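A.B. asks: how would this look folded up:
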Amino acid sequence: MQHKNTEDLSLSVNYLTTSEVADYLRLKERKVYDLVRQGQIPCSRVTGKLLFPRQQIDLWVLNHLEGDQAQRQPPPAVVAGSQDPLLEWAIRESRSDLASLFHGSGDGVSRLLEGRAMVAGVHLLDPDSGQYNQPNLLGLGGVKDLVVLRWAIRRQGLLIPVDNPLGITGLADLAHPKIRVAHRQPGAGAARLLTHLLSKAGIKPASIDWAAHPSLNEDDLALSVLQGEADVGLGVEAAARRQQLGFIPLYDEQFDLMMHRRSYFEPSMQALLAFTRQPRFAQRAEALGGYDIRQMGEVLYNA
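C.D. replies: Reported below is the predicted structural model:
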């Protein structure tokens, strides 16, 4: 008896053929080909063969079933939430016509709820469960068409001057009276993670010499350390590399994209997602450092 290899099994589980998607949607194959030609149905072409990602087909069906809701005025083509160097670069390079407004994960969730952004980039840890980006814990449980996509697993750690003049080796050093610590604004994912890590280490926030003002994004925090306004801060490895800082890894976190289902099918969002499948995207992620993009685009939540 012959057995399918792992790659074949993965394809059969995650993708539908033209005949399978026609049966699934109760359409004739000719209609499916028409939808493909018109760019109205998600599909990929592999060695000349059409394959239909199962998760995206389910999103497409639900989006069409929502009727009037799907026809509402779309939110502005803005990606809000937490700044991510790889996401920021991809928005620009994909020519997706998306704008960015990065004021932290909490701000992104608020803008998504209020219809002031199309997408929210979020990395909010629930310290009790250890899980990230749980809609019901972020006030998004009542959003009936919410979709959450994996963007990347990112490495968080301590950003320090490259010569490390104060000899910082880990989290415990943050409580040293001569070390000034850069910090993010309340509601930012990095602020929540740092609070969690300090609690686990038994370090009281009141014992830390915090920088005078919060850093509003990853680049601001890295520049605060680079320019000597702070001696150390918690941020992503990519930000450390971009500013040629030293980096002490501490935690691997989940960074996800949240949006309404109808937004997933907007041309701007599809352009961004299509760009992530290009080889140069993976090359950029490798060059930036601290990214695991193997789950990129995976649907984690579909209300």
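A.B. asks: could I get the contacting residues of the most centrally placed residue in the chain?
C.D. replies: By C-alpha atoms, centre = their mean, the chain has its centre lying nearest to residue 256, at 3.1 Å. With contact set as C-beta atoms under 8 Å, 6 or more residues apart in numbering, residue 256 has these partners: 121, 122, 123, 132, 133, 148, 149, 150, 151, 300. For the C-beta atoms, the positions are set from N, CA and C on the backbone; glycine is no exception.
A.B. asks: kindly recompute the last result at 10 Å.
C.D. replies: By C-beta atoms under 10 Å, 6 or more residues apart in numbering, the residues touching residue 256 are 81, 105, 120-124, 132-133, 148-152, 295, 298, 300-301.
A.B. asks: read off the pLDDT value for it.
C.D. replies: pLDDT for residue 256: 98.
A.B. asks: residue 303 versus that one, what's the distance?
C.D. replies: 14 Å (C-beta to C-beta, to the nearest Å).
A.B. asks: next, the buried residues of stretch 80-98.
C.D. replies: Within stretch 80-98, the residues scored as buried using 16 or more other C-beta atoms under 10 Å are 80-91, 94, 96, 98.
A.B. asks: residue ranges with poor pLDDT in this structure?
C.D. replies: Applying pLDDT under 70 to the chain picks out residues 1-13, 62-72.
A.B. asks: at 90 what do you get?
C.D. replies: The model of the chain has pLDDT under 90 over residues 1-74, 141-145, 186-187, 265, 302-303.
A.B. asks: helix or strand for the closest residue in space to residue 272 that isn't next to it in sequence, which one?
C.D. replies: Spatial nearest neighbour of residue 272, chain neighbours left out: residue 96 (4.4 Å); criterion: C-beta to C-beta, 6 or more residues apart in numbering. Using DSSP states H and E, residue 96 falls within no helix or strand.
A.B. asks: look up phi and psi at residue 96.
C.D. replies: The phi and psi torsions at residue 96 (degrees, to the nearest 10) take the values phi -80, psi -10.
A.B. asks: pretty sure it is touching residue 273, no?
C.D. replies: Yes. Using C-beta atoms under 10 Å, residue 96 is in contact with residue 273, at 8.9 Å.
A.B. asks: show me the contacts for residue 222.
C.D. replies: Neighbouring residues of residue 222 by C-beta under 10 Å, 6+ apart: 85, 159, 182, 215, 233, 235-236, 238-245.
A.B. asks: before we move on, what about residue 267?
C.D. replies: Residue 267 neighbours (C-beta under 10 Å, 6+ apart): 39, 77, 96, 97.
A.B. asks: picking that back up, now, of the contacts of residue 256, which are buried?
C.D. replies: 81, 105, 120-124, 132-133, 148-152, 300.
A.B. asks: what's the helix or strand for residue 153?
C.D. replies: strand 146-160.
A.B. asks: next structured bit after that strand?
C.D. replies: strand 180-181.
A.B. asks: what sits up against that following strand?
C.D. replies: Strand 180-181 is contacted from outside by 158, 166, 173-175, 194, 198, 205, 208-212, 224-225, 228-234, using C-beta under 10 Å, 6+ apart.
A.B. asks: give me the subset of those residues lying in strands.
C.D. replies: Mapping the contacts of strand 180-181 onto strands (DSSP state E) picks out 158, 209, 210, 233, 234.
A.B. asks: contacting residues around the closest residue to the first one other than its chain neighbours?
C.D. replies: If you skip the residues right next to it in sequence, residue 158 has residue 248 as its closest partner in space, 4.2 Å away by C-beta to C-beta, 6+ apart. Shown here is residue 248, whose contacts under the criterion C-beta under 10 Å, 6+ apart are 157-160, 164, 168-171, 173, 232, 234, 237, 240.
A.B. asks: one more: residue 78?
C.D. replies: So residue 78 contacts 98-101, 108, 111-112, 116-120, 268 (C-beta under 10 Å, 6+ apart).
A.B. asks: now, of those, which are buried?
C.D. replies: 98, 100, 108, 111, 112, 117, 118, 119, 120, 268.
A.B. asks: distance of the nearest residue to residue 288 once chain neighbours are set aside from residue 173?
C.D. replies: With sequence-adjacent residues excluded and distances taken as C-beta to C-beta, 6+ apart, residue 288 is closest to residue 238, at 4.1 Å. The gap separating residue 238 from residue 173 is 23 Å, by C-beta to C-beta.
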